[in-house]
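Peer 1: No letters, just coordinates:
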Ligand SMILES: Cc1cc2nc3c(=O)[nH]c(=O)nc-3n(C[C@H](O)[C@H](O)[C@H](O)COP(=O)(O)OP(=O)(O)OC[C@H]3O[C@@H](n4cnc5c(N)ncnc54)[C@H](O)[C@@H]3O)c2cc1C
């Protein structure tokens with residue numbers, strides 16, 4: 001899986017601080033270095049709506065549709081995903097869960113070959129991509145571009161960077177958290193311990 005940051009709001013922390021200070025009529029107190037404590041206080045007080053002024057966009061590729069099916073449940077996120085109608089899956093690649101034992105890897109691969117043959121058979125019988133895809137597995141590799149504001153990213157990380165989340169969405173979200181933490185540490189660093197708690201992915 002590859003997780004790539006495509007875009008992020010420039011000077012996100014300063015923007016959030018400015019927006020929030022408008023509430024308190026204290027924008028004159030925005031100075032280099034003032035955002036750290038200010039943002040921490042906003043978050044600890046649950047005053048999170050100013051975080052909605054900053055956005056990020058990620059391109060996640062080499063992941064399974066099992067993972068993206070979970071990710072797209074987050075309703076405040078914007079999504080563009082590889083189509084299984086306009087793009088053929090004749091040579092689909094697949095994700096192999098780490099739980100597949102070494103001795104079973106060949107068998108798993110053979111099962112995927114069987115599915116490829118099923119897909120080809122239904123295409124030969126005249127089905128369109130949109131119907132032939134009904135025989136495809138959740139393991140199918142896909143790619144997706146997602147955008148969300150920082151408040152929504154914090155929510156996603158809180159529920160997906162934990163051991164309760166499935167391993168692949170956890171990996172994707174832990175990676176996004178690490179990347180966003182470099183861009184806006186005072187918005188995300190209180191969430192970093194989640195990564196350690198769920199096994200350091
Ligand atoms: C460990 C885990 C297991 C899961 N298992 C299942 C499962 O078995 N079956 C299943 O169907 N789903 C499952 N889910 C998905 C889960 O139910 C949510 O659909 C998903 O996590 C999206 O989260 P959300 O609704 O909190 O947030 P988002 O859609 O990201 O929205 C963010 C926040 O906005 C607010 N919000 C958004 N829409 C509304 C609304 N319409 N009304 C009120 N408030 C709103 C809420 O505060 C919400 O938390 C699972 C999720 C996790 C993390």
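Peer 2: Received, thanks. The shown structure was predicted, so the numbers you read here are calculated from the model rather than taken from an experiment.
Peer 1: low-confidence ranges in the chain?
Peer 2: Applying pLDDT under 70 to the chain picks out residues 200-201.
Peer 1: Enumerate the residues of it near the ligand.
Peer 2: 73-76, 152, 155, 159-160, 164-165 (Cβ under 6 Å from any ligand atom). In this view, the C-beta of every residue, glycine as well, is placed from N, C-alpha and C.
Peer 1: Arrange those residues in JSON lines, one row each, with secondary structure as further columns.
Peer 2: Shown next, in JSON lines, are those (DSSP: H, G, I helix; E, B strand; the rest coil):
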{"residue": "73", "secondary structure": "coil"}
{"residue": "74", "secondary structure": "coil"}
{"residue": "75", "secondary structure": "coil"}
{"residue": "76", "secondary structure": "coil"}
{"residue": "152", "secondary structure": "helix"}
{"residue": "155", "secondary structure": "helix"}
{"residue": "159", "secondary structure": "helix"}
{"residue": "160", "secondary structure": "helix"}
{"residue": "164", "secondary structure": "coil"}
{"residue": "165", "secondary structure": "coil"}
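Peer 1: can you pull out the strands in the protein?
Peer 2: 2-8, 55-64, 78-81, 141-149 (DSSP state E).
Peer 1: Now tabulate those strands in a markdown table and tack on mean neighbour count.
Peer 2: Below are the strands of the chain laid out as a markdown table (neighbours: other Cβ atoms under 10 Å):
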| stretch | mean neighbour count |
| --- | --- |
| strand 2-8 | 14 |
| strand 55-64 | 19 |
| strand 78-81 | 13 |
| strand 141-149 | 19 |
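Peer 1: what about the nearest residue to residue 92 once chain neighbours are set aside, distance to the ligand?
Peer 2: Distances taken as Cβ to Cβ, 6 or more residues apart in numbering put residue 140 closest to residue 92, at 5.0 Å, once the chain neighbours are dropped. The gap separating residue 140 from the ligand is 20 Å, by Cβ to the nearest ligand atom, to the nearest Å.
Peer 1: OK, contacts around residue 105?
Peer 2: residue 96 (Cβ atoms under 8 Å, 6 or more residues apart in numbering).
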